[in-house]
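Q: The sequence and its predicted three-dimensional model are supplied below.
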Amino acid sequence: MRIQHWGAALPLVAALAAVSLPAGAMGSMYATEAQAAQACAADPVVWVDLDRGRFYQKTQSDYGKSKNGGYTCLKAAHADYRPGHD
């Protein structure tokens, strides 16, 4: 099938892009632990490994270790990811 009108395909492309990441992945991830700590206030900061779909607390050995991940608040992580295990 050949698409002759790209305008008709753009909503489909946008919808597919929206489902490629978990709901909170883009809005609540931080590059540094300090940024996350400031945003999270009293909520603990966790590391999310996006490849595994798991989050790790500061006391766990995989905290901050993966190349594809970021920091976020514990409550936000619980909504989209599974807890990591040591």
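A: Yes, it's here.
Q: how near is the closest residue to G70 other than its chain neighbours to F55?
A: Once flanking residues are discounted, G70 sits nearest to M29: 3.8 Å by CB to CB, 6 or more residues apart in numbering. Using the backbone N, CA and C atoms, a C-beta is placed for each residue, glycine as well. To F55, M29 is 11 Å away according to CB to CB, to the nearest Å.
Q: right, and the residue nearest to G70 touches N68 too?
A: No - contact between M29 and N68 fails when scored by CB atoms under 8 Å: they sit 11.0 Å apart.
Q: Looking at the two, which one has more neighbours?
A: M29 (18 against 9; other CB atoms under 10 Å).
Q: Contacts only, for that one.
A: M29 makes contact with V48, G70, Y71, T72 under the criterion CB atoms under 8 Å, 6 or more residues apart in numbering.
Q: which residues are contacting the helix or strand hosting the last one?
A: Assessed by DSSP states H and E, T72 sits inside strand 69-73. Outside strand 69-73, the residues within contact range by CB under 8 Å, 6+ apart are 24, 28-33, 35-36, 39-40, 43-51, 55, 64.
Q: Give me the buried subset of the residues you listed.
A: The neighbour count (16 or more other CB atoms under 10 Å) marks 24, 28-30, 33, 36, 40, 45-50, 55 as buried among the contacts of strand 69-73.
Q: and of those, the nearest to D80?
A: D80 has its nearest neighbour among the buried ones among the contacts of strand 69-73 in G24, at 4.7 Å by CB to CB.
Q: Appreciated, that's everything.
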